[in-house]
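**Student:** sequence-free structure coming up:
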Ligand code: SD4
């Protein structure tokens with residue numbers, strides 16, 4: 001076919017399509033129509049199982065990812081046995097419990113709080129920052145002032161157990177982040193209970209894809225225990241501890257936040273997925289970036305990334321063994337998957 005005849009044929013086709021009341025764009029979209037979204041939520045660590053179940057109560061009946069994630073993240077925030085998220089979290093060097101949290105949707109809307117004291121549900125305050133202010137991040141006293149104005153209750157977040165642990169720590173007062181911070185006995189009846197009743201845990205990062213095809217992410221933590229007062233980790237930093245792009249996917253992190261911030265970790269994971277990597281490959285490459293930049297440090301600390309792409313596929317990778325992530329969908333609501341890691345046990 002000559003160029004002229006091909007042009008004429010295409011023009012005629014286009015004209016008849018338009019005459020039939022359809023637009024070309026609609027036809028093209030239809031030819032690459034996506035399959036319905038796989039509704040799913042994934043969370044860092046064993047205690048993500050319980051958070052996922054709270055999220056699934058909303059996601060499973062067609063609710064929105066943001067609502068599901070806020071509900072999910074509130075579970076470990078309120079769990080006094082959890083010493084790395086919300087109330088009951090271990091304090092900083094000065095005995096103050098300071099919380100970091102962030103939330104982000106598929107359209108790039110986001111909100112965060114850092115170094116927030118006296119309010120258990122930092123994730124809900126972060127969501128209010130997103131929805132009710134022109135800002136992204138509120139810190140310290142300003143974050144508390146905003147939370148109280150919004151009607152959040154002022155509480156003492158330092159539990160007697162955390163206070164005892166802090167006094168014990170003061171005897172040596174050495175700041176050395178430990179890999180996979182603690183091993184806790186939740187008991188067999190607890191949703192996060194593992195065979196043997198043990199699990200270890202850290203920051204909760206959550207990613208979800210809802211029935212409307214919308215992705216969102218949330219992250220909440222009391223940060224590194226015994227940190228300097230005023231220290232902010234990766235969790236409330238958009239692009240570090242959390243990042244979501246509705247066209248590509250989302251990512252979140254756990255572990256030593258300084259190394260995640262240095263490498264804009266979650267943003268990196270999402271950008272790697274944009275270039276065609278699977279969630280697992282993208283997380284692995286982001287972890288390897290830390291290894292290549294600081295090979296000695298990388299051997300001594302934990303960092304883990306969790307990612308979900310816009311089709312709901314989930315992957316993770318960590319520096320050290322011991323990181324796990326919980327995945328919940330219509331088929332299985334309690335899956336717990338050990339992450340692969342750079343280093344061996
Ligand atoms: C932080 N990434 O504040 C968080 C806390 C954490 O292991 O995950 N600790 O750096």
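**Tutor:** That came through fine. Every value quoted in this text rests on a predicted model; they were computed, and no experiment measured them.

**Student:** if I look at the residue positioned nearest the centre of the chain, how far off is residue 292?
**Tutor:** The centroid of the chain falls nearest to residue 205 when counting by C-alpha atoms, centre = their mean (2.8 Å). Plainly put, residue 205 is 23 Å away from residue 292 if you go by C-beta to C-beta, to the nearest Å. For the C-beta atoms, the positions are set from N, CA and C on the backbone; glycine is no exception.

**Student:** do stretch 284-297 and the ligand come into contact?
**Tutor:** No. In this structure, stretch 284-297 remains apart from the ligand according to C-beta under 6 Å from any ligand atom; the gap is never smaller than 12.8 Å.

**Student:** and that stretch, which residues are buried?
**Tutor:** Neighbour-count burial for stretch 284-297 flags 284, 285, 286, 287, 289, 290, 291 (criterion: 16 or more other C-beta atoms under 10 Å).

**Student:** low pLDDT regions in this protein?
**Tutor:** Scanning the chain for pLDDT under 70 picks out the ranges 1-34, 180-201.

**Student:** and if we set it to 80?
**Tutor:** Within the chain, the segments meeting pLDDT under 80 span 1-35, 176-201, 345.

**Student:** near the ligand, which residues of it?
**Tutor:** 100, 181, 202-203, 221, 223-224, 233-235, 254-257.

**Student:** now, these that are in strands?
**Tutor:** Applying DSSP state E to the residues of the chain next to the ligand, the entries found in strands are 100, 221, 254, 255.

**Student:** just the buried residues from the residues you listed, in ChimeraX please.
**Tutor:** Typed into ChimeraX, the line below selects the buried ones among these, using 16+ other C-beta under 10 Å:
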select :100,221,254,255
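
**Student:** before we move on, back to that, in TSV, list the buried residues of stretch 284-297 along with distance to residue 268 and secondary structure.
**Tutor:** Listed next are those as TSV, based on distance: C-beta to C-beta, whole Å; DSSP: H, G, I helix; E, B strand; the rest coil:
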residue	distance to residue 268	secondary structure
284	12	helix
285	8	helix
286	5	helix
287	10	helix
289	7	helix
290	10	helix
291	13	helix
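
**Student:** of those residues, which is the nearest to the ligand?
**Tutor:** Within these, proximity to the ligand (C-beta to the nearest ligand atom) peaks at residue 290, which comes in at 12.8 Å.

**Student:** my read is that that closest one contacts residue 259, right?
**Tutor:** Yes. The pair residue 290 and residue 259 passes the contact test of C-beta atoms under 8 Å, sitting 5.0 Å apart.

**Student:** anything in contact with each of these two?
**Tutor:** Residues touching both residue 290 and residue 259 by C-beta atoms under 8 Å, 6 or more residues apart in numbering: 265, 297, 298, 303.
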